[in-house]
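> Predicted model, plus sequence, below.
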Amino acid sequence: MSHTSAQLEHIYALLFERFGKRHWWPADSPFEVIVGAVLTQNTAWTNVEKAIANLKAAGVLSTDRLHSLAVAEVARLIRPSGFYNQKAKRLKAVVEYLMDRYKGSIDAMGEKNTAELRDELLSIKGIGRETADSILLYACCKPVFVVDSYTYRVLSRHGLADERMTYDSLQQIFMDNLEHDVMVFNEYHALIVELAKRHCRTQPRCDDCPLSELPASLL
Ligand code: SF4
């Protein structure tokens with residue numbers, strides 16, 4: 001096992017021991033994961049929950065119902081998530097893609113090879129790497145590690161990454177050094193988010209942080 005693999009596994013063990021299972025992604029269906037992944041861009045999750053509740057209350061949280069809805073109506077329903085006109089167009093583009101390529105079936109989409117599917121998702125206007133990878137991991141159960149600004153922060157503070165790294169090169173650290181296990185990838189990303197919210201903030205709270213127990217060589 002390489003030094004980096006050992007470090008990443010150790011960090012995972014410490015986080016899991018402290019925070020336990022995170023039960024991500026918080027959604028009732030794979031389609032809801034996809035909608036949440038689009039809506040969560042640049043906003044707090046509580047705002048996404050309100051927007052999703054509106055879609056559910058209107059009975060339109062499905063590929064076919066969203067497909068037949070006008071962009072303006074989608075925008076009205078998802079207003080709490082912010083940037084609602086832009087996000088409505090993105091949601092409609094994702095639904096269009098699902099209907100065109102997979103007749104609206106996320107199961108059918110999930111059968112596609114991961115690399116090709118990632119390219120397809122990234123070709124949809126407004127869908128970036130973090131959103132595409134969240135869809136791959138949490139909606140399609142593909143072994144793809146999701147990184148975000150919290151991942152940059154935590155790893156760079158422990159000398160494992162550099163904040164100037166690209167998204168793909170940071171992701172590659174995890175992909176190259178961990179077994180490609182969907183459940184571990186699922187938990188690991190969620191645990192880093194929890195860590196960043198509770199301890200590894202802009203002003204870090206290291207005192208009772210689970211990673212403050214790391215051997216000095218990792219700090
Ligand atoms: S809060 Fe401190 S110990 Fe915890 S992850 Fe951030 S830098 Fe490391």
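Yep, that arrived. Bear in mind that the values here come from a model prediction, so they are computed numbers and not experimental data.
> tell me which element the residue nearest to the spatial centre of the chain is part of?
To find the centre residue of the chain, average its C-alpha atoms and take the closest one (Cα atoms, centre = their mean): that gives Ser134, at 3.5 Å. Ser134 belongs to helix 129-134 when elements are defined using DSSP states H and E.
> Please compute how far that helix lies from its chain's middle.
Here helix 129-134 shows a centroid-to-chain-centroid distance of 6 Å under the convention Cα atoms, centre = their mean, to the nearest Å.
> so Gln171 is in which element?
Per DSSP H and E, Gln171 falls inside helix 167-177.
> that older thread, for the residue nearest to the centre of the chain, which non-adjacent residue is closest in space?
If the residues on either side of it in the chain are set aside, Ser134 comes closest to Ala37, at 4.2 Å by Cβ to Cβ, 6 or more residues apart in numbering. In this view, the C-beta of every residue, glycine as well, is placed from N, C-alpha and C.
> For burial, what's the neighbour tally of the one you found?
Look at Ala37: counted by other Cβ atoms under 10 Å, it has 26 neighbours.
> My guess is it contacts Tyr138. True?
Yes - Ala37 sits in contact with Tyr138 when judged by Cβ atoms under 8 Å, with a separation of 7.2 Å.
> what residues do these two have in common as contacts?
Common contacts of Ala37 and Tyr138, defined by Cβ atoms under 8 Å, 6 or more residues apart in numbering, comprise Trp25.
> contacting residues around Ile106?
Counting by Cβ under 8 Å, 6+ apart, Ile106 makes contact with Pro30, Phe31, Ile34, Leu98, Ala139, Cys140.
> for the longest helix belonging to the chain, packing partners?
Taking residue count as the measure and DSSP state H as the definition, the longest helix of the chain comes out as helix 84-102. If you count contacts as 3 or more Cβ pairs under 8 Å, 6 or more residues apart in numbering; DSSP states H and E, helix 84-102 packs onto helix 30-39, helix 63-68, helix 71-77, helix 106-110, helix 114-122.
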